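> sequence-free structure coming up:
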């Protein structure tokens, strides 16, 4: 036992030993950096609320657990229709957004395949090579791929003398 822990115990000599043991056990369960500091905070709360015996502490703990376990059960949530039945927007704009999202996801997957090909020094299939070239020919320079795709492509071309 350290001097700090011994000093703390000496200051707590007038307390119920069961309450001290409970506070220390809670500090250990919480993996507190300072067990004595954490336990003292627990004891300070007990003093503030007027908990003197271990029975008082256990009754308070039981009340706390009951209040916090039942808190969520009292909330009634109603999900929106789209959450229960799925999206039903089949408008032109919605189809375009889904197509754009799918193209971006495909671009990210393509970038990942290119990155792996460069890092692992393995060739891509012809379909991926054509898709990469098509994306890099876009006005932004990388199409739906990530912004680092042109540099990855340069490294890939150097590896395979393309």
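Noted; the coordinates are in hand. Note that the coordinates shown come from a computational prediction; the quantities given were computed from them, not determined experimentally. Numbers count the residues shown, from 1 in each chain.
> helices and strands around the longest helix along the chain, which ones?
Longest helix of the chain, by residue count under DSSP state H: helix 92-120. For helix 92-120, the packing partners by 3 or more C-beta pairs under 8 Å, 6 or more residues apart in numbering; DSSP states H and E come out as helix 126-136, helix 149-160. Just so you know, the C-beta spots here come from the backbone N, C-alpha and C atoms, and that holds for glycine as well.
> between the shortest one and helix 92-120, how big is the angle?
Here helix 126-136 points in a direction 120 degrees away from that of helix 92-120 (axes from the mean of the first three to the mean of the last three C-alpha atoms, to 10 degrees).
> what comes into contact with helix 126-136?
107, 110, 113, 114, 124, 142, 143, 144, 145, 149, 150, 153 (C-beta atoms under 8 Å, 6 or more residues apart in numbering).
> can you pull the buried residues of it?
Within helix 126-136, the residues scored as buried using 16 or more other C-beta atoms under 10 Å are 129, 131, 132, 135.
> now do the last one
Residues 149, 152, 153, 156 are the ones in helix 149-160 that count as buried (16+ other C-beta under 10 Å).
> Let's have those in CSV, adding distance to residue 47.
Conversion of the buried residues of helix 149-160 to CSV gives the following (distance: C-beta to C-beta, whole Å):
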residue, distance to residue 47
149, 64
152, 64
153, 68
156, 69
